[in-house]
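[1] 3D model of this:
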Amino acid sequence: MTVLKRYTEGKVTFLTADVEYYTAETGQPTSDMPVFYNPRMQLNRDLSVVFLSAFMKDRDVERICEPLAGSGVRTIRYLIECSGNFEAVMFDTNPEAVEIARKNVAMNSLESRASIIKGDARVLLLNESRERRFDFVDVDPFGTPVPFLNAAIQSMLPRKGMLALTATDMPVLCGVFPRVALRKYGGLSIRAPFAHEIAVRLLIGRAVSIAGLNDCSMVPLASLSTDHYVRVWLRLNVSRSSANILANNMGIVEYCPDCMDVRMVPLGDLGAESVLEHRESCVSRTRVAGPLWIGPLFDEEFLRHAVDVAGDAAHLTRRARKIIDLMMAEQELATVPYVDLHALCDSLRLSPPPRQDVADQLAAMGYRVSRTHFRPTAIRTDAPVKTVRAVLKRLNRET
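    Numbers count the residues shown, from 1 in each chain. Purely as a prediction, here's the structure:
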């Protein structure tokens, strides 16, 4: 018999397996729990509620789907915390999860708006969308979302639906297992100070590629990297011409681990001479990640809607608000990977100066600079890495 516990998250109270009871030995939730629930993913769900509300600023949403529902807390939060009278469909292969999700739906008086079906998510995504497709699909698995991508894309409304994807297989995406990344995500991962951005770009790239197989285009609305996972929100549009244009945003990332110079190269430009600004002392071979997405990671208008929604959401956590503000600040510069100042200082054997001092000097030289939600020790800038290195050296001499 499953040991249950009542939790409250956002505006929702719900039942699920007692996390403390089932994680006494491991210290963290695992897929072996009778019904999976991870309290650490509340930030994920907080932001998801904000971003669905932001998406609804520009269009009506009638039907959403969560193919891997667990206890159902995510979808129940959508139904209660997002405006509108849309319906939701949830799937899960675990009969116990289905039973608990139904109890939670009833507990929150949502029987008329939510249904839970036991079965394989890939099959149900296609079957349950035959007559009415989904405006929004949220794929939040334990591991990689790739096996569900094709069915999820085919189940969505063909014009401007939204797809949310979470990936928790970070060793694969961050360069520990690059060949597994190639198999799952269609591109090599690398170990680098900006590995989490490579992870996001690999995930987006895989979604864009599979959308292209279905004559669709996909563009990122928001990208998140935090804790032990990455997550992206993507807008779908059925258009062969748009899909062809978006192919220009697929490419590779070249990276020198000695001087930390980075170059993004569109696939169409492969073979051109490298312009990495190596130091003469560089001895390491250039590392290559991809193919992956090299285009923007955020949509400015979408984030403006999210900022407005977050400002009106009194129950939203302070951390969620901060991340949305950081996304807004960095979105214009998110066309090349961020620079981790501490990692760059380590390579130069320098003491890291205050981040703001670096930003002020770069700004005085005419470069744009912003913080990034990816890492507290990093910045985004249009300054070349060699210029950032020179600033770091100068600040160290001045101390």
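[2] CA-only coordinates of stretch 151-167, as CSV, when you get a sec.
    Presented in CSV, the C-alpha positions along stretch 151-167 are these (Å, rounded to 0.1, in the frame of the first residue of the first chain):
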residue,chain,number,x,y,z
ALA,A,151,3.8,12.0,-31.4
ALA,A,152,3.7,15.3,-29.4
ILE,A,153,4.3,17.4,-32.5
GLN,A,154,1.7,15.4,-34.5
SER,A,155,-0.9,15.8,-31.8
MET,A,156,-0.7,19.6,-31.7
LEU,A,157,-2.8,22.2,-33.5
PRO,A,158,-1.0,23.0,-36.8
ARG,A,159,-0.9,26.8,-36.3
LYS,A,160,1.1,28.2,-33.4
GLY,A,161,0.6,25.6,-30.7
MET,A,162,3.1,25.5,-27.9
LEU,A,163,5.3,22.5,-26.8
ALA,A,164,7.2,22.4,-23.5
LEU,A,165,10.0,19.9,-23.0
THR,A,166,12.1,19.0,-20.0
ALA,A,167,15.3,16.9,-20.1
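[3] for Val3, what are its contacts?
    Contact analysis of Val3 by Cβ atoms under 8 Å, 6 or more residues apart in numbering lists Ala17, Asp18, Tyr21, Tyr22. C-beta coordinates here come from the backbone N, C-alpha and C atoms, glycine included.
[4] do Arg304 as well
    Per Cβ under 8 Å, 6+ apart, neighbours of Arg304: Met328.
[5] That one should be in a strand, yeah?
    No. Assigned with DSSP: H, G, I helix; E, B strand; the rest coil, Arg304 falls outside any strand and is helix.
[6] where exactly do the helices run in the stretch 51-200 of the chain?
    73-81, 95-107, 121-127, 149-154, 170-173, 178-185, 195-213 (DSSP state H, counting those that start in this stretch).
[7] Let's see which of the contacts of Val3 end up in strands.
    Ala17 (DSSP state E).
[8] out of the contacts of Val3, who has the most neighbours?
    Neighbour counts for the contacts of Val3 (other Cβ atoms under 10 Å) peak at Ala17, which has 22 neighbours.
[9] Can you name the residues bridging to that one?
    Counting by DSSP bridges, Ala17 forms beta bridges with Leu4.
[10] residue nearest the centroid of the chain?
    Centroid-nearest residue in the chain: Arg231, 1.9 Å away (criterion: Cα atoms, centre = their mean).
[11] Can you classify that residue by secondary structure?
    Strictly by three-state DSSP, Arg231 counts as strand.
[12] Touching, it and Leu163? I think so.
    No. The criterion here is Cβ atoms under 8 Å, and Arg231 misses it with Leu163 at 11.2 Å.
[13] right, and the helix or strand after the lowest-mean-pLDDT helix or strand in the chain?
    Least confident helix or strand of the chain, by mean pLDDT, DSSP states H and E, is helix 240-246 with a mean of 71. Scanning forward in sequence from helix 240-246 by DSSP states H and E, the next helix or strand is strand 250-255.
[14] ok now the following helix or strand past that following strand, how far from the chain's centre?
    For strand 250-255, the following helix or strand on the C-terminal side (DSSP H and E) is strand 262-266. Distance of strand 262-266 from its chain centroid, counting by Cα atoms, centre = their mean, to the nearest Å, is 21 Å.
[15] what helices or strands is strand 262-266 leaning on?
    strand 250-255 (3 or more Cβ pairs under 8 Å, 6 or more residues apart in numbering; DSSP states H and E).
[16] tell me the mean pLDDT for the strand it packs on?
    Mean pLDDT, strand 250-255: 94.
[17] Any idea what the residue nearest to the centre of the chain is bridged to?
    Thr166, Leu224.
[18] show me what contacts it?
    Asn44, Leu47, Ala164, Leu165, Thr166, Ala167, Ser223, Leu224.
[19] With pLDDT and distance to Ile245 as added columns, please give these in TSV.
    Below are the contacts of Arg231 laid out as TSV (pLDDT from 0 to 100; distance: Cβ to Cβ, whole Å):
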residue	pLDDT	distance to Ile245
Asn44	95	31
Leu47	97	29
Ala164	98	23
Leu165	98	22
Thr166	98	27
Ala167	98	26
Ser223	98	20
Leu224	98	25
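[20] Looking at those residues, which is nearest Leu126?
    Leu165 (17.7 Å; Cβ to Cβ).
[21] what's the distance between the closest one and Phe148?
    Distance of Leu165 to Phe148, given as Cβ to Cβ, to the nearest Å: 9 Å.
[22] Tell me the residues that contact both of those two, please.
    In contact with both Leu165 and Phe148: Val139, using Cβ under 8 Å, 6+ apart.
[23] Just want to know which of the two has more residues nearby.
    Leu165 (24 against 20).
[24] ok, that one touching Leu224?
    No. Using Cβ under 8 Å as the test, Leu165 is too far from Leu224 to be in contact (10.4 Å).
[25] Common neighbours of those two, please.
    Joint contacts of Leu165 and Leu224 (Cβ under 8 Å, 6+ apart) are Arg231, Val232.
[26] Near Pro376, how many other residues are there?
    By the criterion of other Cβ under 10 Å, Pro376 has 11 neighbours.
[27] what about it, which SS state?
    Secondary structure, three-state DSSP: Pro376 is coil.
[28] so where's the stretch 201-350 of the chain uncertain?
    Along the stretch 201-350 of the chain, segments meeting pLDDT under 70 span 243, 271-281.
[29] quick revisit: for Glu9, which of the helices of the stretch 51-200 of the chain is the nearest?
    Here helix 73-81 is closest among the helices of the stretch 51-200 of the chain (Cβ to Cβ), at 6.1 Å.
[30] by contact count, what packs against that closest one?
    Using 3+ Cβ pairs under 8 Å, 6+ apart, helix 73-81 is in contact with strand 4-9, strand 12-17, helix 42-55, strand 63-66, strand 87-92, helix 95-107, strand 114-118.
[31] Show me how far the fourth one is from its chain's centre.
    Its chain's C-alpha centre lies 19 Å from the corresponding centre of strand 63-66 when counted by Cα atoms, centre = their mean.
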